[in-house]
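Colleague: Below: sequence and its predicted model.
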Amino acid sequence: MLLDFFTHLRRAGLPVSTTEHLVLLDGLSKNVGVLDLNRFYQFARLCLIKDESLYDRFDQVFQAYWAGREAAFDLNLDNIPNDWLKLSDKDALSEEQKAMVEALGGWDKLMETLAKRLEEQNEEHHGGSKWIGTRGTSPFGHGGFNPEGVRIGGQGGQGRAVKVWEQRRYKDLDGTRELGTRDFKIALRSLRKLTRDGRADTLDLDATIRSTANNAGMLEIKMRAERRNAVNVLLLLDVGGSMDYHTALCEQLFSAARSEFKHLEHFYFHNFIYEKVWRNNSRRHNDTVSVPELIRTYGKKYRVIYVGDATMSPYEVVAEGGSVEHWNTEPGAVWMQRMQQHFSHCVWLNPEKPDYWDTTPSIRIIRQLMQNRMFTLNVNGIQNAIDALKTPIIPLNLTDQS
Amino acid sequence: MIDSDYIITDELQQAVDAALTLERPLLVKGEPGTGKTQLAVEISQRLDAPLFQWHVKSTTSAHQGLYEYDAVSRLRDSQLGDERVKDIGNYILHGVLWDAFTCDERAVVLIDEIDKADIEFPNDLLQELDRMSFNVYETRETITARQRPLVIITSNNEKELPDAFLRRCFFHYIEFPDRETMKNIVAAHYPTIKQDLLKSAMEIFFDLREVPGLKKKPSTSELLDWLKLLIADDLPAEALGSDELRTVLPKMHGALLKNEQDVHLFERLIFLHKQRKN
């Protein structure tokens, strides 16, 4: 039966592994997480789920699976009477449980339902063993009617003091994330490796000491390549408008990038690059940096990564005054060209799915401007982007293009 | 129950029990200020077991928790012709895990803020935490835990941890305490606090947590600090203006809002609120 539960978890896309399942079984055989379904829930979650953003999904699967089978769970245990004895001992309840008892309409009401539960339990005793094998009810059918038509599960009918998984407390934590920080970091690491290789021309003091000491005091010099990462990165992030949806993703990338580089500068823009960018979103209107200044300040060695969905009206890229926020005297494409002339190592990361790229005119135009250096914002995309960063771009001649 | 001001929830209690019974590391996550680090201290007190703390920094490597070979001292000693130099074991510095493994009783090990370290750090500890033993290359000995210690690992979610590592741990997410639990926590810390002051302070606190867009939501430790200030100044409950909530900045708000932007945001909300009232 537990194996069935396990497959249900996997089917719901929860990353539970066999090892974890075995630990769960091991625990149960040592009497951890038995006695009642609540304890089992806690223990199963402890074993199987390693990310609080998945708690909610786990709660849902748990509810769907165990609704209607709760009795079956109890039947597998020899010590049900103990459990109930414990329940009827009011003083043994925690504050939380007491509050729950009140919520269920007071102690007497609860005892009443408990008595009812007992009856149900007797009934089910006959058919109980049948359930375990047959799996007749659909586990995802909500509501939990057992084959005999006795309603089990739902509000209070069970006399369970607290049913955590039905409260779905972790709803807020569930963000089905497309890309984790860890993936980003792995990808960004290869960016750091860009300039790692080189001649071994720096004295490696630690290694020298170690090898000399290991060598019983005879000096043994160790050299190594320049270790400090020399890659400078300029991160330009699109904010606002159609990007709002992707902001969280971008911030993840940003937080991942931050710890990887010694020199990492970030600026924001809206939709496309024009004459100004800004550093701080809350002061974007009065604290801007002009793009020529950006070009003067940061050397040619800076790698520029644009992050944006590139989804906008094509005029915002190619026309004067096309910007949605201000009157730009020169088209964005011209500014992009200027950026490229200085920062020739550049890529564009796009959180939008590549399926939409060809059908969105502005993405097509920007891809052309970036000479296909546009990549999806996921691990593969970033790795490809990093490869692309190794070679300089030769800016398009805009007059040819039109 | 030992006299203590740390409130442990049922869920957490169960998690710790399971980790003890099945001898698996317990990974604890949660908002800052929910007492993750304190948990290990508390457990060690309740179990009356020695506590070994390992506070991880960005430069910490997994090896430092096991042992370090102090080659520099040895080099110096060899220049001075010290006798000690002949035994390499003299230059092996024990790390936290070594001490915990060789401890006679069952120990509690705290690996604090594991997410601060390098991304490969947890992977480097897999074997050691699994088998509870490790080899010392220099002296060719194997250190095996006499009693498997209870390992508590905390994480602030700054980095994601590798799957292989997660599979070997139990995971518990400490939720932000609800009002009831929070009351217990406060009562444990300040048993003599005036009830009306506490009531309005709690209201402000939980309201503040619900203000959208705060960079850093105030947490338990901030509430406790704030209450300490309020008590020290012996403020009456009216001073907090609980009825006129959100029409003034709460007194001593510096203890709750630690970010200039948050204070600005809050001021703006107050301003809007006032305007709507008029």
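Modeller: Now that the structure is in, tell me what you want to look at.

Colleague: surely A:R57 meets A:R11?
Modeller: No: applying Cβ atoms under 8 Å, one finds A:R57 not in contact with A:R11, separated by 11.4 Å. Backbone N, C-alpha and C define where each C-beta goes, glycine included.

Colleague: Give me the more crowded residue out of these two.
Modeller: A:R57 (19 against 11; other Cβ atoms under 10 Å in any protein chain shown).

Colleague: Please, which helix or strand holds that one?
Modeller: helix A:55-66 (DSSP states H and E).

Colleague: Over to A:A385?
Modeller: A:A385 belongs to helix A:379-389 when assigned by DSSP H and E.

Colleague: same deal with B:G213?
Modeller: Using DSSP H and E, B:G213 falls outside every helix and strand.

Colleague: Give the full set of residues in contact with it.
Modeller: B:L265 (Cβ atoms under 8 Å, 6 or more residues apart in numbering or on different chains).

Colleague: tell me the phi and psi of it?
Modeller: Torsion angles at B:G213 (phi, psi; degrees, to the nearest 10) stand at phi 90, psi 10.

Colleague: do the same with B:I111
Modeller: Main-chain dihedrals, B:I111, degrees, to the nearest 10: phi -110, psi 100.

Colleague: List the residues that contact the residue lying closest to it once chain neighbours are set aside.
Modeller: In this structure, B:I111 finds its nearest non-sequential neighbour in B:I153, 4.6 Å apart by Cβ to Cβ, 6 or more residues apart in numbering or on different chains. Neighbouring residues of B:I153 by Cβ under 8 Å, 6+ apart: B:P25, B:L26, B:L27, B:V28, B:L110, B:I111, B:I114, B:C169.

Colleague: mind checking pLDDT for B:I153?
Modeller: We have a pLDDT of 92 for B:I153.

Colleague: Is it in a helix, a strand, or coil?
Modeller: Of the three states, B:I153 takes strand under DSSP: H, G, I helix; E, B strand; the rest coil.

Colleague: ok, which stretches of the stretch 51-200 of chain B are helices?
Modeller: In the stretch 51-200 of chain B, the helices defined using DSSP state H, counting those that start in this stretch lie at B:62-66, B:71-80, B:96-101, B:121-124, B:126-131, B:163-167, B:179-189, B:195-210.

Colleague: Now do the contacts for B:L26.
Modeller: B:A15, B:V16, B:A19, B:L150, B:V151, B:I152, B:I153, B:C169, B:F170, B:F171, B:H172.

Colleague: What about it? Give its phi and psi, please.
Modeller: phi -110, psi 120.

Colleague: again with A:I305
Modeller: phi -120, psi 120.

Colleague: one step back: widest-spaced pair of the contacts of B:L26?
Modeller: Maximum pairwise distance among the contacts of B:L26 (Cβ to Cβ): 15.2 Å, between B:L150 and B:F171.

Colleague: The closest residue in space to B:L110 that isn't next to it in sequence and B:T34: what is the separation?
Modeller: Nearest residue to B:L110 in three dimensions, chain neighbours excluded: B:A40, at 3.7 Å (Cβ to Cβ, 6+ apart). To B:T34, B:A40 is 14 Å away according to Cβ to Cβ, to the nearest Å.

Colleague: now swap in B:D225 and tell me
Modeller: 15 Å.

Colleague: Around residue 36, how many other residues sit close by?
Modeller: Picking chain A for this. For A:D36, using other Cβ under 10 Å, the count is 20.

Colleague: nope, chain B
Modeller: Per other Cβ under 10 Å, the neighbour tally for B:K36 reads 23.

Colleague: so what's it up against?
Modeller: So B:K36 contacts B:V28, B:K29, B:G30, B:T154, B:I174 (Cβ under 8 Å, 6+ apart).

Colleague: let's see 6 Å
Modeller: Neighbouring residues of B:K36 by Cβ atoms under 6 Å, 6 or more residues apart in numbering or on different chains: B:V28, B:G30, B:T154.

Colleague: Show me which of those is closest to A:S344.
Modeller: Nearest to A:S344 among the contacts of B:K36, with distances taken as Cβ to Cβ, is B:T154, at 44.6 Å.

Colleague: If we ignore the residues flanking it in sequence, what's nearest the closest one?
Modeller: Leaving aside its sequence neighbours, B:T154 sits nearest to B:K36 (Cβ to Cβ, 6+ apart; 4.1 Å).

Colleague: Let's see the pLDDT reported for that neighbour.
Modeller: So, for B:K36, pLDDT stands at 84.

Colleague: Can you report phi and psi for B:Y190?
Modeller: The phi/psi pair for B:Y190 (degrees, to the nearest 10) is phi -130, psi 80.

Colleague: try A:G308
Modeller: phi -170, psi 160.

Colleague: Share the number of residues neighbouring the closest residue to it other than its chain neighbours, please.
Modeller: Among residues not flanking A:G308 along the chain, A:D238 sits closest, at 3.1 Å (Cβ to Cβ, 6+ apart). For A:D238, the neighbour count with other Cβ under 10 Å is 26.

Colleague: Quick check: the gap between B:G254 and B:T34.
Modeller: Per Cβ to Cβ, B:G254 is found 21 Å from B:T34.

Colleague: what do you get for B:D115?
Modeller: 15 Å.

Colleague: repeat for B:A15
Modeller: Distance from B:A15 to B:T34, by Cβ to Cβ: 14 Å.

Colleague: returning to what we had before: from the contacts of B:K36, pick the one nearest B:C103.
Modeller: Nearest to B:C103 among those is B:T154, at 20.8 Å by Cβ to Cβ.

Colleague: what pairs with the closest one across the strands?
Modeller: For B:T154, the beta-bridge partners are B:V28 (DSSP bridges).

Colleague: so where's the stretch 1-150 of chain B shaky on pLDDT?
Modeller: B:1-4 (pLDDT under 70).

Colleague: Kindly report the residues of it close to chain A.
Modeller: Within reach of chain A by Cβ under 6 Å from any Cβ of the partner chain, the stretch 1-150 of chain B has these residues: B:10-11, B:14-15, B:18, B:21-22, B:71-72, B:74-75, B:78, B:119.

Colleague: Just put those in TSV and tack on neighbour count.
Modeller: Putting the residues of the stretch 1-150 of chain B next to chain A into TSV (neighbours: other Cβ atoms under 10 Å in any protein chain shown) gives the following:
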residue	neighbour count
B:D10	16
B:E11	19
B:Q14	18
B:A15	25
B:A18	23
B:T21	14
B:L22	19
B:A71	20
B:V72	14
B:R74	24
B:L75	21
B:S78	18
B:I119	19
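
Colleague: can you give me the strands for chain B?
Modeller: Per DSSP state E, chain B carries strands over the ranges B:26-30, B:51-55, B:67-69, B:92-94, B:108-112, B:133-136, B:141-144, B:150-155, B:170-174.

Colleague: out of B:G254 and B:T34, which sits in the more crowded spot?
Modeller: Each of B:G254 and B:T34 has its neighbours counted (other Cβ under 10 Å); B:T34 has more, 19 against 13.

Colleague: Noted, bye for now.
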